[in-house]
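Undergrad: just to be clear, the model below is a prediction. Sequence and coordinates:
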Amino acid sequence: MRALVVTVSTRAAGGVYDDVSGPILVEGLQGLGFDVDGPTVVPDGPEIESVLLGAVHDGYDVVLTTGGTGLTPHDVTPEFTASVLTREAPGIAEAIRAAGAAKGVPTAVLSRGRAGLAGDTLIVNLPGSRGGAKDGMEVLSGILVHAVEQVRGGDHPRPGSS
């Protein structure tokens, strides 16, 4: 299984500060057994779409983005993700927001992150904060491998089957 981590931050891309959330996602994906590339750091804007389309073309199973999901005028990751998705998986993004809120972070519900498929690539937007990346990875750790198996045509596990 191959994954790409994309950090969306104009300031991190410009060297104003270090990417703190991308490495969290890389470590989490590696712990699930993924071969991981990135984090690739891009500024807020059209380059997001280019990177996502490239990842789909290159056959990644999963792309996790971090950053650009909030309410500021520059937070456009969900819009560029939507332009690439062929099928949405809204429950994933909803679960990530709910997990953050359940941990006592009421602003977690302000994330506009999306999730879905672009061809055979699962793309999930996560918040750009360290805590948002950790909380999101906790949710994803229980579903990503199964999601990839499903995209590849696998069946749902059945109780009592081996």
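TA: Noted; the coordinates are in hand. Residues are numbered from 1 along each chain as shown.

Undergrad: which SS class is residue 149?
TA: Of the three states, residue 149 takes helix under DSSP: H, G, I helix; E, B strand; the rest coil.

Undergrad: what's the distance between it and residue 141?
TA: Using C-beta to C-beta, to the nearest Å, residue 149 is found at 15 Å from residue 141. Any C-beta I mention is one placed from the backbone N, CA and C, and that applies to glycine too.

Undergrad: got the contact list for the worst-scoring helix or strand of the chain on mean pLDDT?
TA: Ranked by mean pLDDT, DSSP states H and E, the weakest helix or strand in the chain is helix 10-13, scoring a mean of 92. Identification of contacts with helix 10-13 by C-beta atoms under 8 Å, 6 or more residues apart in numbering yields 17, 18, 19, 41, 42, 43, 44, 45, 67, 74.

Undergrad: measure the residue nearest to the second one when sequence neighbours are not counted to residue 31 for me?
TA: Spatial nearest neighbour of residue 18, chain neighbours left out: residue 12 (6.8 Å); criterion: C-beta to C-beta, 6 or more residues apart in numbering. Residue 12 is 23 Å from residue 31, where distance means C-beta to C-beta.

Undergrad: so the two - more neighbours on which side?
TA: residue 12 (22 against 11; other C-beta atoms under 10 Å).

Undergrad: rewinding a little: skip ahead from the least confident helix or strand of the chain and say which helix or strand is next.
TA: helix 22-31 (DSSP states H and E).

Undergrad: in that following helix, what's buried?
TA: For helix 22-31, a neighbour-count test (16 or more other C-beta atoms under 10 Å) marks 22, 23, 24, 25, 26, 28, 29 as buried.

Undergrad: export those residues to CSV and tack on pLDDT?
TA: Conversion of the buried residues of helix 22-31 to CSV gives the following (pLDDT from 0 to 100):
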residue, pLDDT
22, 97
23, 97
24, 97
25, 98
26, 98
28, 98
29, 98
